[in-house]
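> sequence? don't have it. structure:
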């Protein structure tokens, strides 16, 4: 038999998450295509700047999904309805509060973001118009992160697909109507996303209500769920936020140092990063599945289940990573030709294509171990691991004067490898001492 029970359980969660993840870049492509058909490039530039600022802000708050998945999966494994209610209500209240705060402070925050970015006044004005509307979705966007994490934690496999696909499709339809039909330009693109986010929130709340009813969570439990253990949630979110900040800074450094190597290098790296991002989205599907299953095992204090999950994840995601490496080694040139029609960039990209065959095999382990540690809600150790990896990344950047752009990709490989290695050593130490479940 090719797949055992653990493999099938992993794929049951991983496959919907992989499918959901790869719909995310589709939305960006549609936004670009719709705005790109307007009569001035400043609209596209404004949306690009606005989308980057939004992505940075919301990525810093991604801890809301990660911590919620871990706490929910543990409550699910422990079969504790009160903890299950608390794992939803507390992060949801935190998300809504943070979202309202972003709305209230959005004008000075937008000023700060655009000051940091700089550039053409015309582009920045369009970015401002986009962000003033786009950030009105903050409560819904952050609450959706919590709902996605909670539904993943209870292993509701279809929920991520429904939430992401329905939300993205609604966004695309509204994009076409508001931007192309009503000629609302960048404000139309922003309003489409805001509307889609709030619609997704309503669907997510209805899904959560169904699960709560099935698990016997009463209204009284929900009313009291905001009490207790809030300090642990805040500490966990603090640690994961610091981890996310280090991650963002390292990936931001790739663009900054690439720019110093020349405009062609920046363009080539953007093309190659598209390939890496697609790979990461696919492999993250396994990481999400590991989060849910390892959290369930942690809540049930079941070491044998945890090992089954880990071995299945290594087998299945390892094969997928090798498949990506093989595809990029055999067909990488053709993929690059689809991403850019400029012969000079195609030739330059060929020099660095080898890294696209190396990085999936190097990076898959840190993605899986991230999932293992999120399920166990070990935020402090994830933060420390990321700090070690960031230090290794910074040291490797010293090779840039000698290796040029190869040094930049080497730094990324070292970063991914150190994340995986440090987490593996921490897990091994806990496992030998019998302290993983403590």
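Perfect, I can see it now. For clarity, every value in this text was computed on a predicted model and none was experimentally measured. Residues are numbered from 1 along each chain as shown.
> domain ranges for this protein, per the record?
Using automatic domain parsing, the domain parsing of the chain gives 38-228, 236-438.
> nearest to residue 16, out of these?
Nearest to residue 16, of all those, is domain 38-228, at 4.6 Å by CB to CB. The way it works is simple: take the backbone N, C-alpha and C, and place the C-beta from them, glycine included.
> pLDDT of that closest one, averaged?
Within the predicted structure, the mean pLDDT of domain 38-228 is 90.
> cool, and stretch 263-271?
In the prediction, stretch 263-271 has an average pLDDT of 80.
> ditto for stretch 309-326
94.
> residues in contact with it?
For stretch 309-326, the external contacting residues (CB atoms under 8 Å, 6 or more residues apart in numbering) are 4, 6-7, 9-11, 14, 279, 282-283, 286, 289-290, 293-294, 297, 356-358, 360-361, 363-364, 367-368, 371-372.
> do stretch 121-139 as well
Contacts of stretch 121-139 (CB under 8 Å, 6+ apart): 42-43, 45-47, 49-51, 53-54, 57, 95-96, 98-100, 102-103, 106-107, 109-110, 113-114, 117-118, 185-187, 189-191, 193-194, 197-198.
> please repeat the previous calculation with a cut-off of 6 Å.
42-43, 45-47, 49-50, 54, 96, 99-100, 102-103, 106, 110, 114, 186-187, 190-191, 194, 197 (CB atoms under 6 Å, 6 or more residues apart in numbering).
> what does stretch 402-422 give?
250, 257, 261, 265, 355, 362-363, 365-366, 369, 385, 388-389, 392-393, 396-397, 399-400.
> which of the contacts of stretch 121-139 fall within helices?
42-43, 45-47, 49-50, 54, 96, 99-100, 102-103, 106, 110, 114, 186-187, 190-191, 194, 197 (DSSP state H).
> give the buried subset of these as a ChimeraX selection command.
To isolate the buried subset of the ones in helices among the contacts of stretch 121-139 in ChimeraX, counting by 16 or more other CB atoms under 10 Å, use the following:
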select :42,43,45,46,47,49,50,54,96,99,102,106,110,114,186,187,190,191,194,197
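> from the contacts of stretch 309-326, which would you call buried?
6-7, 9-11, 14, 279, 282-283, 286, 289-290, 293-294, 297, 356-358, 360, 363-364, 367-368, 371-372.
> among these, which are in helices?
Counting by DSSP H, the buried ones among the contacts of stretch 309-326 contribute 6-7, 9-11, 14, 279, 282-283, 286, 289-290, 293-294, 297, 356-358, 360, 363-364, 367-368, 371-372 to helices.
> the strands in the chain, which residues?
Per DSSP state E, the chain carries no strands over any range.
> please name whichever of the domains of the chain is nearest to residue 22.
Closest among these, using CB to CB: domain 236-438, at 5.5 Å.
> any idea how far the closest one is from the chain center?
12 Å (CA atoms, centre = their mean, to the nearest Å).
> quote the end-to-end distance of it.
End-to-end distance for domain 236-438: 16 Å, by CA to CA, to the nearest Å.
> same question for stretch 148-166.
Start-to-end span of stretch 148-166 (CA to CA) is 13 Å.
> would you map the helices across the stretch 151-300 of the chain?
Here the stretch 151-300 of the chain has its helices, by DSSP state H, counting those that start in this stretch, at 158-175, 185-214, 219-224, 230-260, 263-300.
> reformat those helices as a markdown table; add distance to residue 428.
What follows is the helices of the stretch 151-300 of the chain, written out as a markdown table (distance: least, CB to CB, whole Å):
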| stretch | distance to residue 428 |
| --- | --- |
| helix 158-175 | 31 |
| helix 185-214 | 35 |
| helix 219-224 | 38 |
| helix 230-260 | 20 |
| helix 263-300 | 15 |
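> so for residue 89, what's the nearest residue that isn't a sequence neighbour?
residue 225 (3.7 Å; CB to CB, 6 or more residues apart in numbering).
> the one you found and residue 86 touch, don't they?
Yes: counting by CB atoms under 6 Å, residue 225 touches residue 86, with 4.5 Å between them.
> ok, those two, which is more surrounded?
residue 86 (24 against 20; other CB atoms under 10 Å).
> for that one, give its distance to residue 17.
For residue 86, the distance to residue 17 equals 24 Å [CB to CB, to the nearest Å].
> ok, residue 149 next?
On the measure of CB to CB, residue 149 and residue 17 end up 12 Å apart.
> of these two, which one has the most company?
Neighbour count, other CB under 10 Å: between residue 149 and residue 17, residue 149 has more, with 29 against 25.
> count the neighbours of the nearest residue to residue 77 once chain neighbours are set aside for me.
Nearest residue to residue 77 in three dimensions, chain neighbours excluded: residue 299, at 2.8 Å (CB to CB, 6+ apart). Residues near residue 299, counting by other CB under 10 Å, number 25.
> confidence score at residue 299?
Model confidence at residue 299 (pLDDT) stands at 91.
> residue 80 is in contact with that one, correct?
No: counting by CB under 6 Å, residue 299 stays clear of residue 80, with 7.7 Å between them.
> how near is residue 103 to residue 285?
32 Å.
> could you measure residue 363 against residue 282, distance?
11 Å.
> just residue 337 next, same as before
Using CB to CB, residue 337 is found at 21 Å from residue 282.
> just residue 139 next, same as before
30 Å.
> need phi/psi at residue 301.
phi 50, psi 50 (degrees, to the nearest 10).
> list the contacts for it?
So residue 301 contacts residue 437 (CB under 6 Å, 6+ apart).
> could you do residue 237 as well?
So residue 237 contacts 63, 67 (CB under 6 Å, 6+ apart).
> and if we set it to 8 Å?
63-64, 67, 94, 379.
> same question, residue 280
Here residue 280 is in contact with 363, 367 (CB under 8 Å, 6+ apart).
> swap the cut-off to 10 Å and go again
Residue 280 is in contact with 21, 273, 287, 324, 359-360, 363-364, 367, 416, counting by CB atoms under 10 Å, 6 or more residues apart in numbering.
> and for residue 290?
Contacts of residue 290 (CB under 10 Å, 6+ apart): 10, 13-14, 306, 309-310, 312-314, 317, 367-375.
> repeat that for residue 12.
155, 157, 289, 293.
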